[in-house]
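# this one's sequence-less:
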Ligand SMILES: Cc1cc2nc3c(=O)[nH]c(=O)nc-3n(C[C@H](O)[C@H](O)[C@H](O)COP(=O)(O)OP(=O)(O)OC[C@H]3O[C@@H](n4cnc5c(N)ncnc54)[C@H](O)[C@@H]3O)c2cc1C
């Protein structure tokens, strides 16, 4: 532990200059046993950092933020290194239980489920894409009875946190200026961007701001980025307020249990472990769970809040019977394909990324290393299988164009994220000449309106045993059909004049396990998708929000855990239904809204604080 902290300290020092005065090392505080705070926030992720910031705006409230992980560092700042981070100790390292239709032979049917264990949480591991969702995604939440959660209620909160740094969007009524979270385009313009835009136009799609009025269309990714470097939730919301007197941040502190008085069902604190020592801390007002979709659900169940019969299996005293762990939703993507072009310098693969020229450009805040997770273009499209969605302007498939591909992954970083073995890689891509592999890029379909729903369950009554996670990817037949349609769309994009100019072609060596099927038949793609589909790590929904009387709800629309006093959940787990988008932006919004709900409930939401509009 001490060595890793020393490493964190050094890598923090080496963050490139010039230093932004709002950024800096967050001091660590170790609370003493039974120390009291007004609020205890569990988890400093996308949501937890926002909550810590907004609640400590009230000078007389003191707040403790407990985080299991440590600091971000030099490497986690580099946008293109995103997939590498999931191979480090910044990842909790969860995996799914064996699945029927995803992550097949490659990993014995088990999918990796990376989650951030670091200040900033999964916003440090993520691919930086800033995408809010379709307005009707949130209107759906409101239609389910969640008062105050319609798009018009929430747009002010999206804007409140945002500091848009994209010139063309600065006057848009959909974007906010002056918030903590910087949103930029990567300073590097991928040479694939223009063919991508033109391909979209050839196919009848507009080049758009997908966080604006219309979502369907082609676009350049907006990213949580500051001067070409990652702008995580910690960097955005926590670092600028690191010296506030009423905020204490305790790192390397794993909460194992919420303390709930069994008679009154009132949460009064938490028990956590730091440096092998257990301590309890007390909350005068509230405990707020922001431990993420996996962490919050696991903690509730370990503390006696969850499905009664399930808790009894582990001899946990059931205090409140609630459907915690159900309603797990996520986005899967198919990322095994590679498209080869004839020209060099169009794509960004290992050779470009690892070159000293790229490193030097990065230090100056430019160059290909600033591409968010390597993404160079996004398209939101609606397939013919979205017929049962009455909202005709809502996409059900996203295409993410990667500036490089799995074929060009010579160093094996992408492979380790996907769980692809060297044997698999060499069988599919090994015969391609070395330089051809560098001339390849990806276009990955993402199922953004999935119908399959999963569940999270305890493995044991011990916090250190990772929960059993059943995401059930692609088990609904409509989901697989739409993924195949997504592959067909990528082929249409590649078939446009814009891409054919470069002789763009799909690499056509069949995937191991699918060789018996006719290459490019629907059956072949179903097989290939089952083999190499991975999650985009957008797990949500395990502590579902719903109105009173909803038997599937865990928290109320004010995010209070049903039938428990003094306990809220405010993170991705409360989403009743997953938006057709990447999830970080919506989770930051949820935390902004949660902070106002808390202030309001404690009589502290004055007009001057309510600066949401
Ligand atoms: C590899 C990857 C790529 C992604 N790409 C994108 C993207 O490009 N765009 C996008 O919008 N979204 C993306 N996402 C998803 C997005 O980042 C997450 O949905 C979001 O960050 C989750 O926010 P959260 O606050 O719910 O949880 P988290 O950010 O995961 O925060 C939970 C925090 O709680 C801490 N914690 C958990 N349990 C405990 C405990 N018991 N005690 C103390 N601390 C605890 C964790 O360590 C963590 O810091 C990606 C995610 C991953 C992992």
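On my side now, so go ahead. Everything numeric here is computed off the predicted structure, so don't read it as measured data.

# okay, now the closest residue to the ligand within the chain: neighbour count?
Residue of the chain nearest the ligand, by C-beta to the nearest ligand atom: residue 45 (1.7 Å). Yep, even glycine has a C-beta here, placed from its N, CA and C like the rest. By other C-beta atoms under 10 Å, 33 other residues sit near residue 45.

# quick one: contacts for it?
Residue 45 makes contacts with 116, 120, 121, 122, 123, 233, 290, 291, 292, 571, as judged by C-beta atoms under 8 Å, 6 or more residues apart in numbering.

# Could you pull up the residues touching the fourth one?
Residue 122 is in contact with 45, 46, 114, 115, 116, 292, 537, 584, counting by C-beta under 8 Å, 6+ apart.

# if I look at the residue nearest to it when sequence neighbours are not counted, how far off is residue 292?
Closest residue in space to residue 122, ignoring its immediate chain neighbours: residue 116 at 3.9 Å, by C-beta to C-beta, 6 or more residues apart in numbering. Separation of residue 116 from residue 292 (C-beta to C-beta, to the nearest Å): 8 Å.

# The two: who's more crowded?
It is residue 116, of residue 116 and residue 292, that has more neighbours when counted by other C-beta under 10 Å, with 31 against 28.

# Per-residue confidence, the more buried one, what does it come out as?
Here the pLDDT value assigned to residue 116 is 98.

# My understanding was that it contacts residue 90; is that so?
Yes - if you go by C-beta atoms under 8 Å, residue 116 and residue 90 touch, sitting 6.1 Å apart.

# between those two, what contacts are shared?
Listed as contacting both residue 116 and residue 90 by C-beta under 8 Å, 6+ apart are 69, 124, 125.

# near the ligand, which residues of the stretch 1-150 of the chain show up?
Residues of the stretch 1-150 of the chain lying near the ligand by C-beta under 6 Å from any ligand atom: 42-48, 66-69, 86, 114-117, 121-123, 125-129, 131.

# Compare the contacts of residue 45 and tell me which is most surrounded.
Tallying neighbours with other C-beta under 10 Å puts residue 121 at the head of these, with 34 neighbours.

# any idea how far residue 116 is from the residue lying closest to it once chain neighbours are set aside?
Here the nearest residue to residue 121 in space, its sequence neighbours aside, is residue 45; by C-beta to C-beta, 6+ apart that works out to 2.1 Å. Residue 45 is 6 Å from residue 116, where distance means C-beta to C-beta.

# what touches both of these two?
122, 123, 292.

# Whether the helix or strand in which residue 469 is found contacts the ligand - can you check?
Using DSSP states H and E, residue 469 sits in strand 468-470. No - for a cut-off given as C-beta under 6 Å from any ligand atom, strand 468-470 has no contacts with the ligand; the smallest distance is 13.5 Å.

# what residues does that strand touch?
So strand 468-470 is in contact with 94-97, 99, 113, 294, 328, 454-459, going by C-beta under 8 Å, 6+ apart.

# Could you give me the PyMOL syntax to select whichever of those are buried?
The PyMOL selection below is limited to those of the contacts of strand 468-470 classed as buried (16 or more other C-beta atoms under 10 Å):
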select buried, resi 94+95+96+97+99+113+294+328+454+455+456+457+458
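
# I'd like to know which of the shared contacts of residue 45 and residue 116 is nearest to residue 36.
Of all these, residue 36 sits closest to residue 292, with 25.7 Å by C-beta to C-beta.

# How about residue 127: what's its closest non-neighbour residue?
Spatial nearest neighbour of residue 127, excluding adjacent residues (C-beta to C-beta, 6+ apart): residue 373 at 2.7 Å.

# Okay, buried residues for stretch 385-405 please.
385-386, 389, 391, 394-405.

# Strands - which of these land there?
Members of the buried residues of stretch 385-405 lying in strands (criterion: DSSP state E): 397, 398, 399, 400, 401, 402.

# Just list the residues touching the nearest residue to residue 579 once chain neighbours are set aside, thanks.
Spatially, and ignoring its direct neighbours in sequence, residue 579 is nearest to residue 133 (3.0 Å; C-beta to C-beta, 6+ apart). The contact partners of residue 133, taken as C-beta under 8 Å, 6+ apart, are 215, 579, 580, 581, 585, 586.

# Show the pLDDT at residue 133.
97.

# Quick check: it vs residue 218, distance?
17 Å.

# and what of residue 80?
21 Å.

# now the helices for the stretch 201-350 of the chain?
233, 292-302, 308-313, 350-353 (DSSP state H, counting those that start in this stretch).

# Comparing the ones you listed, which comes out most buried?
helix 233 (a mean of 32; mean count of other C-beta atoms under 10 Å).

# circling back to that earlier point, how close does the residue nearest to residue 121 get to residue 505?
Counting by C-beta to C-beta, the gap from residue 45 to residue 505 is 41 Å.

# got the phi/psi numbers for residue 200?
Here is the backbone geometry of residue 200 (degrees, to the nearest 10): phi -60, psi -50.

# ok, it touching residue 220?
No - using C-beta under 8 Å, residue 200 makes no contact with residue 220, being 11.1 Å away.

# What number of residues are in the vicinity of residue 214?
Residues contacting residue 214 under the criterion other C-beta under 10 Å number 13.

# Once you drop chain neighbours, what's closest to it?
Excluding the flanking residues, the one nearest residue 214 by C-beta to C-beta, 6+ apart is residue 208, at 5.9 Å.

# Just confirm that neighbour contacts residue 220, I think it does.
No - Residue 208 sits out of contact with residue 220 when judged by C-beta under 8 Å, with a separation of 9.8 Å.

# what residues are up against residue 329?
Residue 329 makes contacts with 450, 453, 454, 539, 540, 541, 575, 577, 578, as judged by C-beta under 8 Å, 6+ apart.

# Residue 593 versus that one, what's the distance?
20 Å.

# how about residue 579, what does it touch?
Contacts of residue 579 by C-beta under 8 Å, 6+ apart are 132, 133, 134, 137, 138, 586.

# quick one: the strands in the stretch 101-250 of the chain?
Here the stretch 101-250 of the chain has its strands, by DSSP state E, counting those that start in this stretch, at 112-113, 162-164, 181-184, 217-219, 223-226, 229-230, 247-250.

# possible to save the ones you listed as TSV with distance to residue 520 and mean pLDDT?
Below are the strands of the stretch 101-250 of the chain laid out as TSV (distance: least, C-beta to C-beta, whole Å; pLDDT from 0 to 100):
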stretch	distance to residue 520	mean pLDDT
strand 112-113	28	94
strand 162-164	42	98
strand 181-184	38	98
strand 217-219	24	98
strand 223-226	34	97
strand 229-230	38	96
strand 247-250	53	98
